[in-house]
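Engineer: Please work out how this folds:
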Amino acid sequence: MTSVHLKYLAVNPVDLKWGLAVNSVGFQEIPPGGDYPPRNHPSRYVFSVQNGRILNEYQLLYITEGRGKFFCSSLGRNKAVQIERGMMFLLFPGEWHSYFPDRQTGWKEYWIGFNGSFVDNLIQHGFFSRESPVFSVRIREDIVNLYNMAIDASVAQESGFQQVLAGIVDRLLSLAYFYDRNSQFQESDAANKIGQAKVMIYDSFTTITPEEIASKLCLSYSSFRKTFKEYTGFSPARFINEVRMSKAKELLTNTSMSIKEIAYNVGYNNHDYFFTAFRHTTGQTPAEYRAMTQGPKP
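Structural biologist: This is a model prediction of the structure:
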């Protein structure tokens, strides 16, 4: 027996002004040997696995049991991607795709379909791409809960429910991005190395250099810099500077130390260089930042 819980939604044009609106959300359990896709979907969503389909929306799917195959035109129509439990995959509007569970295992599948400028912007800035549509996230209770919250909100359809659904999609996309990126590093020693590097920086940010960190980790500097930036989004030097600036902000806000003393305490021997670096980072001089956070003197 196929278990299906699904909801298809009419989208008010006003909802799209929020930046994201949900068109469909659901869950279905396909038993071993079961028909796929089930025949209880609207015609615009039903497809044959042999011919595939093209949608005019994004869909984010999550497989929690079983396994199957996924195809899309960006990866090559004849190139099958093996989908295992704990994987998510993103369908893009206007792109041919097909997917189906293995007949020996079936699968349990959550999905949510959506459109909007918010997601378009994420694609434009490279957070997601048609060439990397599959995410390894493992089985996560928080992701399952979010899909179930979306189903419940879609059934109730209370005032403002589309905005709640938009927040859920935002969270699902961010978790797919987060868990997948970290799973890539956890498969190697990289996460441990970067963790050690960050501890070194927090402990010795006033004096340590990126080259010293690489040496202590027994890595070449080029390899360390590349991995550190992929993992954190910052070069090691930029990360050290961010830590210094964070400490400087704390001292400017919570102490009466002079700006020269603060510069020295966060690792800058040259006051003018600290002044320039702080203004470049925050858009304010140290004195302006202190006045803003401490308020006018009595």
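
Engineer: Off-centre distance for stretch 208-219?
Structural biologist: Taking C-alpha atoms, centre = their mean, to the nearest Å, one finds the center of stretch 208-219 at 29 Å from the center of the full chain.

Engineer: Using CSV, list the CA coordinates for it.
Structural biologist: Extracted C-alpha coordinates of stretch 208-219, given in CSV (Å, rounded to 0.1, in the frame of the first residue of the first chain):
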residue,chain,number,x,y,z
ILE,A,208,50.3,34.0,15.0
THR,A,209,50.6,34.0,11.2
PRO,A,210,49.0,31.7,8.6
GLU,A,211,52.4,30.3,7.7
GLU,A,212,53.0,29.3,11.3
ILE,A,213,49.6,27.6,11.5
ALA,A,214,50.3,25.6,8.3
SER,A,215,53.7,24.6,9.7
LYS,A,216,52.3,23.4,13.0
LEU,A,217,49.6,21.3,11.1
CYS,A,218,52.4,19.8,8.9
LEU,A,219,50.7,21.2,5.8
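
Engineer: So for the particular helix or strand that has I63 in it, what gets flagged as buried?
Structural biologist: Element membership for I63, per DSSP states H and E: strand 58-72. If you call a residue buried by 16 or more other C-beta atoms under 10 Å, then strand 58-72 has these buried ones: 58-64, 66-68, 70-72. (Glycine included, C-beta is placed from N, CA and C.)

Engineer: Just the closest of those to L146, please.
Structural biologist: Y62 (9.3 Å; C-beta to C-beta).

Engineer: So the closest one versus G68, what's the distance?
Structural biologist: As for Y62, its distance to G68 is 13 Å (criterion: C-beta to C-beta, to the nearest Å).

Engineer: who touches both of those two?
Structural biologist: Here Y62 and G68 share no contacting residue, scored by C-beta atoms under 8 Å, 6 or more residues apart in numbering.

Engineer: before we move on, back to that, past the strand holding I63, which element shows up next along the chain?
Structural biologist: strand 81-84.

Engineer: That following strand pairs with which strands?
Structural biologist: strand 58-72 (antiparallel) (DSSP bridges).

Engineer: can you dump the C-alpha coordinates of the partner strand into PDB?
Structural biologist: Listed in PDB are the C-alpha atoms of strand 58-72, where the atom choice follows Å, rounded to 0.1, in the frame of the first residue of the first chain:
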ATOM      1  CA  TYR A  58      12.200  24.300  -8.000                       C
ATOM      2  CA  GLN A  59      11.700  21.200  -5.900                       C
ATOM      3  CA  LEU A  60      13.800  20.000  -3.000                       C
ATOM      4  CA  LEU A  61      13.400  16.200  -2.400                       C
ATOM      5  CA  TYR A  62      14.700  14.200   0.600                       C
ATOM      6  CA  ILE A  63      15.000  10.400   0.700                       C
ATOM      7  CA  THR A  64      14.800   8.900   4.200                       C
ATOM      8  CA  GLU A  65      14.500   5.200   3.300                       C
ATOM      9  CA  GLY A  66      15.400   3.100   0.300                       C
ATOM     10  CA  ARG A  67      17.500   4.100  -2.700                       C
ATOM     11  CA  GLY A  68      17.000   4.900  -6.400                       C
ATOM     12  CA  LYS A  69      18.300   6.900  -9.400                       C
ATOM     13  CA  PHE A  70      18.200  10.500 -10.500                       C
ATOM     14  CA  PHE A  71      18.800  11.900 -13.900                       C
ATOM     15  CA  CYS A  72      18.900  15.500 -15.200                       C
END
